[in-house]
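A.B. asks: Sequence and predicted structure below; questions after.
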Amino acid sequence: MTQPLFLVGARGCGKTTVGQALASTLGYAFVDTDSFLLNHTGKSVAEIVAEEGWEGFRARESDALQRVTAPATVVATGGGMVLAERNRQFMQENGIPVWLHAPAQVLASRLIASPEEGQRPTLTGKGVTDEIVDVLAAREGLYRQVARHIVDATRSPDAVVEAILRALQMARATILTVGKVSVSEVLPFLTEHISEQQISQVSLLGNLSSDEVRLQFSPSPGEEPLLTLLADNIITPVGRDKISIAMQGIIEKLDNQGYEVILLMSTMPLTGLRARNAILLEPERIIPPLVASIVDGHQVGIILPIAEIIKSQALKWRKLTHPPLYALANPIHGSEAELLEAGRKLMAEGADVLVLDCLGYHQKHRDLLQKQLDVPAGEFASIVVFSLMSIKGLSMLQSNEYFSGKVKSIGFTSSSTGRASVGVMAEGEYTFGTAQPEEMTVVSGALHVLLPGETEWKTYAAGEVFNVPGHSEFHLQVAEPTSYLCRYLADK
């Protein structure tokens, strides 16, 4: 890691002391924006404020932030650095902001005891304690907003440094959505591996009105639209290409901010999305082949929210043994009775497994179908987190980590289909051992494979399949994060 570290927080939180110790521990350079201004202007903060006012000082402070930012550098910022939105955005996009948090009483006692307390001009004209209380109340939300990590600064400098180092080692994930999506069904799975405090949610359109979305993202003439739910609960058609471009921009920002995992929650495929460093999980590419492997030989019935998306389903579910059957039930505007009616219709047509293909469906919808109709059912959100264990004959195995923790894989057992697993491999070279014959499908990315008994590497792109005999070892080279589906075949 060489990303700059920005220490933010109120006066007295220890940014300079902790920053120097942290830089020494990491072998980084250290710079204090106030000291930088003093060295380059020959004036203290108080002198700059006296001559140019607070507005002039803030402008110089913003300039200093950008000038001192460099790889492998710890930057101690002024207490008011977070006031400007451009500063907050700059720190989030160009490094790792860490908030050194302490109560107002602790900060005030430190400032009173410090011989340097009087060097910075007052903001409110009040005494130290009253001013700290007022200033912290006004800025605390901004510190919290900008910070990637929040550390208790009431402890000793060495303890604070240790806490920062631990925070920097924690994996971070974000759930990325196009429109309005509830992530309550996904969080329990993610929090098994990543602290909930390290998981964020980003929505491209979730806070925009339908009028704003139509103005910016309306489909081009002749383009098949992507349908998405907005904050006002209106399903709105948007241009797939425009959405893909905008989502790629968000992915690049998240990548630059150091997120290890980006989970894209969308039931419709988007094209051309790539992450340079993070693992980009696209369930839309992973789930259909996974479901196809698990329910091999069964007739799948798919419940959709609106009729307009039926025509796009054939390609999506092409790996199913039998073409799926379809019925409609809207999770936002519809009723439980309509959902049950859709399920009964599909069962009457021959479906023996139901899939609710919309992120608006949740476990309560699945449980309703299973209880009332006695049919195996899975909703898309739970399938995303591999919760298909409620399908008859299936039981979910524990999460397994392969390749030194770089691959997360969830397995399922079934008396008729063997075991299937899905996962993502980071860049690198791996040796993979098998206990039984298996079939691997590349879902996204590409795998370079050296199979047993062969001398030449072969490349398998997204959608391609290769077989490996049982009780053998094969080698993989991965040039970019790649997702896969592995189906373990019954021993012959």
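C.D. replies: Alright, I've got the coordinates. These numbers come from a predicted model, not from an experiment.

A.B. asks: residue at max distance from the center of this structure?
C.D. replies: The centre of the chain is farthest from one residue, Glu51, which by Cα atoms, centre = their mean lies 45.8 Å away.

A.B. asks: For Val31, which non-adjacent residue is closest in space?
C.D. replies: Closest residue in space to Val31, ignoring its immediate chain neighbours: Val68 at 4.5 Å, by Cβ to Cβ, 6 or more residues apart in numbering. C-beta: built from backbone N, CA, C; applies to glycine.

A.B. asks: Could you check how far that neighbour is from Thr77?
C.D. replies: 9 Å (Cβ to Cβ, to the nearest Å).

A.B. asks: So which of those two has more stuff around it?
C.D. replies: Thr77 (25 against 20; other Cβ atoms under 10 Å).

A.B. asks: Can you report phi and psi for that one?
C.D. replies: Dihedral angles of Thr77 (phi, psi; degrees, to the nearest 10) stand at phi -100, psi 160.

A.B. asks: For it, give me its contacts.
C.D. replies: By Cβ atoms under 8 Å, 6 or more residues apart in numbering, the contact list for Thr77 reads Phe6, Leu7, Val8, Lys15, Thr33, Leu65, Met91.

A.B. asks: Quick check: Ala147 vs Leu5, distance?
C.D. replies: 11 Å.

A.B. asks: Quickly list what's touching both of the two.
C.D. replies: Val98.

A.B. asks: What segments of the stretch 1-150 of the chain are strands?
C.D. replies: Taking DSSP state E, counting those that start in this stretch as the test, the strands found in the stretch 1-150 of the chain are 5-8, 29-32, 73-76, 96-101, 149-152.

A.B. asks: Run a quick neighbour tally on Ala113.
C.D. replies: 9.

A.B. asks: which residues does the residue nearest to Val31 contact?
C.D. replies: With the criterion set at Cβ under 8 Å, 6+ apart, Val68 makes contact with Val31, Thr33, Phe36, Val75.

A.B. asks: In a markdown table: the residues you listed, plus distance to Trp99, pLDDT and neighbour count.
C.D. replies: Formatted as a markdown table, the contacts of Val68 follow (distance: Cβ to Cβ, whole Å; pLDDT from 0 to 100; neighbours: other Cβ atoms under 10 Å):
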| residue | distance to Trp99 | pLDDT | neighbour count |
| --- | --- | --- | --- |
| Val31 | 18 | 96 | 21 |
| Thr33 | 16 | 94 | 24 |
| Phe36 | 21 | 93 | 19 |
| Val75 | 13 | 97 | 28 |
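
A.B. asks: Most widely separated two among those residues?
C.D. replies: Phe36 and Val75 (9.2 Å; Cβ to Cβ).

A.B. asks: and the closest residue to Glu51 other than its chain neighbours, how many neighbours?
C.D. replies: Leaving aside its chain neighbours, Glu51 sits nearest to Lys43 (7.4 Å; criterion: Cβ to Cβ, 6+ apart). Neighbour count of Lys43, defined by other Cβ under 10 Å: 16.

A.B. asks: cool, Ala314 as well?
C.D. replies: Residues near Ala314, counting by other Cβ under 10 Å, number 10.

A.B. asks: Report the contact partners of it.
C.D. replies: Ala314 sits next to Pro323 when contact means Cβ under 8 Å, 6+ apart.

A.B. asks: Quick check: which element contains it?
C.D. replies: In this assignment (DSSP states H and E), Ala314 forms part of helix 313-316.

A.B. asks: After that helix, which helix or strand is next? Please name it.
C.D. replies: By DSSP H and E, the next helix or strand past helix 313-316 is strand 325-328.

A.B. asks: which residues are in contact with that following strand?
C.D. replies: By Cβ under 8 Å, 6+ apart, the list of residues contacting strand 325-328 reads 299-307, 310, 313, 342-343, 345-346, 349-351.

A.B. asks: Check what pLDDT the closest residue to Pro452 other than its chain neighbours gets.
C.D. replies: Leaving aside its chain neighbours, Pro452 sits nearest to Ser472 (4.3 Å; criterion: Cβ to Cβ, 6+ apart). Ser472 carries a pLDDT value of 78.

A.B. asks: burial measure for Ser472, as a count.
C.D. replies: Around Ser472 there are 16 residues (other Cβ under 10 Å).

A.B. asks: Let me see the contact set for it.
C.D. replies: Residues in contact with Ser472 (Cβ under 8 Å, 6+ apart) are Gly433, Thr434, Pro452.
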